[in-house]
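Trainee: when you get a sec, could you give me coordinates for this:
(2 chains)
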Amino acid sequence: MQDNITVPTMADMMATGQQPEVLFWVGCSGSFDDRAKKITKAFVKLLHSAKVPFAVLGTEESCTGDPAKRAGNEFLFQMQAMANIEVLNAYDVKKIVTACPHCFNTIKNEYPGLGGSYEVVHHTQFLKSLLDDGRLTVEGGAFKGKKITFHDPCYLGRANNIYEAPRDLIEKLDAELVEMKRSRANGLCCGAGGAQMFKEPEPGKKDVNVERTEDALETQPEIIAAGCPFCNTMLTDGVKAKNREHDIKVMDVAELIANAKDL
Amino acid sequence: MSYIDNILFVLLLVAGFGYFAINVKKLTRNIKLGRDVNRYDNPKARWGNMALIALGQSKMVKRPVAGALHIIVYAGFVIINIEVLEIIIDGIFGTHRIFAFLGGFYSFLIGFFEILAFGVIFSVVTFWIRRNVIKLWRFAHGDLKGWPKSDANIILYFETVLMIFFLTMNAADHYLQGLGAHHYVTAGSFPVSGFITPLFNGMSESTAIIVERTTWWLHITGILIFMNYLYFSKHLHILLAFPNTYFAKLEPKGKFENLDSVTAEVKLMMDPNADPFAAQPAPAEGEVPAKFGASDVQDLNWVQLLNAYTCTECGRCTSACPANLTGKKLSPRKIMMDTRDRLEEVGRNIDANKGTFVDDGKSLLNDYITPEELWACTTCNGCVDACPVNIDPLSIIMDMRRYLVMEQSAAPTELNGMMTNIENNGAPWQYSQMDRLNWKDEL
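Mentor: Numbering: from 1, shown residues only, chains lettered A, B, ... in the order given. All right, here's what the predicted structure looks like:
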C-alpha cells in the first residue's frame, strides 16, 4: 500500500485541471531536516490513508519568512511573503495545512495584510477534523495506556490559542495524557522561537530546552509529544542532555497517529 | 463663625488636584511622543477587555493568593473612595457626615467601608511580608534594586496609614457621638473601629474632637498626596490599567505588525514595471526619513509608551520568561521599566528646553536596553500572556531588533548566515530549493 503513495505538486494538479482539497505546506524543517522529514512522511501517510486529495508546492515552496521577521529583518520577511503569496494566489489556493506552527502562524496571521488570505490549519487540527468526520480512524494500539505528555508549541498555543486539538488526538490513542506543571497558556517555550533555533543562546545558567525537558521529565512520561519540528529538535536534544534517550522518545502527534495505525 | 477651615480645605483641594492635573498633562504629552497607531477599531471588544481584565481582574486571579489579596485592596480603594466624596462636601461646606440622612443605608455603607479597610490593611501587610520577609523571587529580583523596591514599600506604607487614619477618625467620631457632642450626629456603624473606640474612654470631648479633626484632615491630605505620588511611582496602574487594557492588541498574539514602510519598498522592488533609475521623490521640507524599527522611545508607538507608564513592576512577565528563568539578562519587566525611565528622561529634557527635545546623546538602545537582552528573546509571548493588564513587552523587543537589523545590520553572525540562506535558497539552512521534495522518494 505504501508503494503507491503519490505526492502531487500544485503544478501537476494544475496540468490536469484539478484542485486539491488542501495544500500541504511542508516548511523548511519538514523538507530538509532529517528528523522533521519523518513527521512530513507520517503526515502524508495519514493524508493518503484518509484519501484526502492534497498537493504540495514542492520546489516552488520557499521559507515563509518567519525566522527573518522574528530576527527583525522585515525586508526579507516581506520579500519571502510576497513571493510565496504570488505562487499561492496563482494556484488559487484556498486551504493550507502545515505541520509547523511557525509557518502556520505566519501564513494565517501575517500574510493576509500582504494580499494572501487562506484558510490555514495546523496538522493536528486537520487530523482532528478527519477523525471527527470519520475519514480517519485510530485505535490505541501500541500506545494504549502509555504515559504521554504534550508540549505546547508557543506559536500554536499562546500565539493562536490552539490547545485542544493535539490533546484530543493523543487521547484518541487510549494513552494516558499527563500534563506538565507549566502547560497550555502557561507552557514554557522550548527555546527555539524568535530565530533562536539558528543561533547560540546568550550567556546564562542553563539552556531553555533543558529547563523545558525537566518539566517534561517530571511527569515521568514514556513519550514526549510535540506539534512543532523545532520543539521536537529542542526536546530531543534536551532528553539527550539528560541521558534519557534510551527510554523516552520525542514524537510528533502525527507520528503517534501514524504509528498507531501501523503506517 | 469662621470660614478659615473651609477656605483652607478648598485651597488644599485646588493644590492637590491642580498639581495632579499638571502632571497628567505631562504624562499625556510624553505618551503622545510615540508614533501613531490605530487602536480605535472594534470598540465593543475593547470595552469588553477593559471590563473583564481591568475592572474584573480576570488575569490577576491566575495567581490565586496575590489575585485575591489584590482584589481586596482594589475593591477597598475604589469603594472607600465614595467616602471621599462625603469628606469633600463636608470640607467645602463645613457640614459633618452630610450623607447621614441616608439612615440605615448610611450605616451599612460605613460598616462596609470599615470591613474593607480592615481587609486592605490585612492584604497590604501580607504584601509587605511577601516582598520583605518571604522575598518572593520576582520581588527579590535584581530589576527592583534601589528606587523600585522603595517605591513598592512606600505604596504599602501609604495605604496602611491611610486606612489607619480612616478607622481612627471613625472611632473618634463614634466616641463623640456617644458623648452627644455638638455637630457629631449619630450615624454610621462601626464594626471595626468599634474596637478602637474604648481606647478613647475617659478622654475629654475637646481632646477627642482634636483627634477626630486631625485624622480627618490627615486622611484627606494623605489621599491627595497619594494621588500626586502616582505620577512619580509604579502605582499609576490604578488609573492606566483601564486605558491600557482598552487599547491593547486584539489580534492573535502571534500576529506581529507588518511594517507598511517596508511593504511600499518591497512592492517597488518586485514590480517588473518599476523604473529602477527613477529618482526618489524629494522629501518635504524638514521631513525626517522614517526609521525602521526603534532605537529610542520616540520610535515606539504611543500604546507601547502607555504600556510603560502602566507597568506596576509585578514581574509576572519576567517569571514567565524562558530567557530570564535560565539566567539570561533579558527581563521583560526591565524592558518596560527602562522604556518608562528613558521616556521620563526625554520628558524632562523637553521641559528644560522650552518644549523641544535637544539631543542628549543617549538612547533607549544601549544606554538602557542592550542588544544582548534583545537577542535572548524567543518571542514566545509568555510575558504578554502573563501581564495582568495586557502590556506587550515583546512588541518593544521586536521593534528594537528591527532597528538593529535594518538600520545597523547588527544581527548576531549566525542570524546573518540564516538570513543569507533564506535570500539565496529560500530556507534558513544551506539546502537547494530544488531539493525540497526529495523526501517524497523516501516514502
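Trainee: how about whatever residue of chain A ends up closest to chain B, nearest residue that isn't a chain neighbour?
Mentor: For chain A and chain B, the shortest gap (Cβ to the nearest Cβ) falls at residue A:159, measuring 2.7 Å. Yep, even glycine has a C-beta here, placed from its N, CA and C like the rest. In space, and not counting its chain neighbours, residue A:159 is closest to residue B:254: 2.7 Å by Cβ to Cβ, 6 or more residues apart in numbering or on different chains.
Trainee: please apply the same query to residue B:313.
Mentor: Leaving out its chain neighbours, the residue that sits closest to residue B:313 by Cβ to Cβ, 6+ apart is residue B:234, at 4.8 Å.
Trainee: residue 190: what's it in contact with?
Mentor: Looking at chain A here, since you left the chain open. Applying Cβ atoms under 8 Å, 6 or more residues apart in numbering or on different chains, we find residue A:190 in contact with A:151, A:153-154, A:208-209, A:212, A:226, A:228, A:230-231, A:234-235, A:238.
Trainee: wrong one, I was asking about chain B
Mentor: Applying Cβ under 8 Å, 6+ apart, we find residue B:190 in contact with B:110, B:111, B:114, B:170, B:171, B:174, B:197.
Trainee: picking up where we left off before, next up, phi/psi of the residue of chain A closest to chain B, please.
Mentor: phi -70, psi -30 (degrees, to the nearest 10).
Trainee: then the one 4 residues further on?
Mentor: In this entry, residue A:163 is assigned phi and psi values of phi -120, psi -30 (degrees, to the nearest 10).
Trainee: pLDDT value on it, please?
Mentor: Per-residue pLDDT puts residue A:163 at 98.
Trainee: could you verify my assumption that it touches residue A:152?
Mentor: Yes: between residue A:163 and residue A:152 there is a contact at 6.5 Å, judged by Cβ atoms under 8 Å.
Trainee: just checking, what packs against the helix or strand hosting residue A:127?
Mentor: According to DSSP states H and E, residue A:127 maps onto helix A:123-132. Helix A:123-132 sits against helix A:34-49, strand A:95-98, helix A:164-172, helix A:253-260, with contacts defined as 3 or more Cβ pairs under 8 Å, 6 or more residues apart in numbering or on different chains; DSSP states H and E.
Trainee: can I get the ones you listed in CSV including distance to chain B and mean neighbour count?
Mentor: Listed next are the helices and strands packed on helix A:123-132 as CSV, based on distance: least, Cβ to the nearest Cβ, whole Å; neighbours: other Cβ atoms under 10 Å in any protein chain shown:
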stretch, distance to chain B, mean neighbour count
helix A:34-49, 5, 21
strand A:95-98, 14, 21
helix A:164-172, 15, 20
helix A:253-260, 12, 24
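Trainee: okay if I get these as CSV plus distance to residue A:246?
Mentor: Below are the helices and strands packed on helix A:123-132 laid out as CSV (distance: least, Cβ to Cβ, whole Å):
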stretch, distance to residue A:246
helix A:34-49, 17
strand A:95-98, 32
helix A:164-172, 23
helix A:253-260, 19
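Trainee: for residue A:199, find the nearest of those.
Mentor: helix A:34-49 (18.8 Å; Cβ to Cβ).
Trainee: what sits closest to residue 88 if chain neighbours are left out?
Mentor: Using chain A here. residue A:116 (5.8 Å).
Trainee: switch to chain B, that's the one I care about
Mentor: Per Cβ to Cβ, 6+ apart, closest to residue B:88 is residue B:13, 6.9 Å.
Trainee: roughly how far does the one you found sit from residue B:28?
Mentor: Separation of residue B:13 from residue B:28 (Cβ to Cβ, to the nearest Å) stands at 22 Å.
Trainee: neighbour-wise, which of the two wins?
Mentor: Using other Cβ atoms under 10 Å in any protein chain shown as the criterion, residue B:13 and residue B:28 rank with residue B:13 on top: 15 against 11.
Trainee: where does that one land in three-state SS?
Mentor: helix (DSSP: H, G, I helix; E, B strand; the rest coil).
Trainee: surely it touches residue B:87?
Mentor: No: contact status for residue B:13 versus residue B:87: not in contact, 10.2 Å apart, counting by Cβ under 8 Å.
Trainee: next, count neighbours for the residue of the stretch 51-200 of chain B found nearest chain A.
Mentor: At 8.2 Å from chain A, residue B:62 is the closest residue in the stretch 51-200 of chain B, using Cβ to the nearest Cβ. The local packing of residue B:62 (other Cβ under 10 Å) involves 14 other residues.
Trainee: list the contacts of it.
Mentor: residue B:388.
Trainee: ok so, going back, wait, isn't the residue of chain A closest to chain B in contact with residue B:251?
Mentor: No: in terms of Cβ under 8 Å, residue A:159 does not count as a neighbour of residue B:251; the distance is 10.4 Å.
Trainee: so how far is residue A:247 from residue B:307?
Mentor: In this view, residue B:307 and residue A:247 are 46 Å apart by Cβ to Cβ.
Trainee: any idea which residue sits dead centre in the chain?
Mentor: I went with chain A, as the question did not name one. Closest to where the C-alpha atoms of chain A average out (Cα atoms, centre = their mean) is residue A:99, at 2.7 Å.
Trainee: meant chain B actually
Mentor: Residue closest to chain B centre, computed by Cα atoms, centre = their mean, is residue B:310 at 1.8 Å.
Trainee: in stretch B:65-76, what counts as buried?
Mentor: By 16 or more other Cβ atoms under 10 Å in any protein chain shown, the buried positions in stretch B:65-76 come out as B:66, B:69, B:70, B:71, B:72, B:73, B:74, B:76.
Trainee: the stretch 151-263 of chain A: helices as residue ranges?
Mentor: A:164-172, A:208-218, A:229-241, A:253-260 (DSSP state H, counting those that start in this stretch).
Trainee: out of these, which gets nearest to residue B:215?
Mentor: Across those, closest to residue B:215 is helix A:208-218 (Cβ to Cβ), at 52.2 Å.
Trainee: ok and that closest one relative to helix A:229-241, angle-wise?
Mentor: Going by axes from the mean of the first three to the mean of the last three Cα atoms, to 10 degrees, helix A:208-218 is angled at 70 degrees with respect to helix A:229-241.
Trainee: which parts of helix A:208-218 are buried?
Mentor: A:208, A:209, A:210, A:211, A:212, A:213, A:215, A:216, A:217.
Trainee: just stretch A:73-90 next, same as before
Mentor: Buried-residue list, stretch A:73-90, by 16+ other Cβ under 10 Å: A:73-85, A:88.
Trainee: again with stretch B:394-408
Mentor: B:394-407.
Trainee: what's the answer for stretch B:151-161, then?
Mentor: Buried residues in stretch B:151-161 (16+ other Cβ under 10 Å): B:151, B:152, B:154, B:155, B:156, B:158, B:159.
Trainee: how far does that stretch sit from the chain's center?
Mentor: Chain-centre distance of stretch B:151-161: 16 Å, with Cα atoms, centre = their mean, to the nearest Å.
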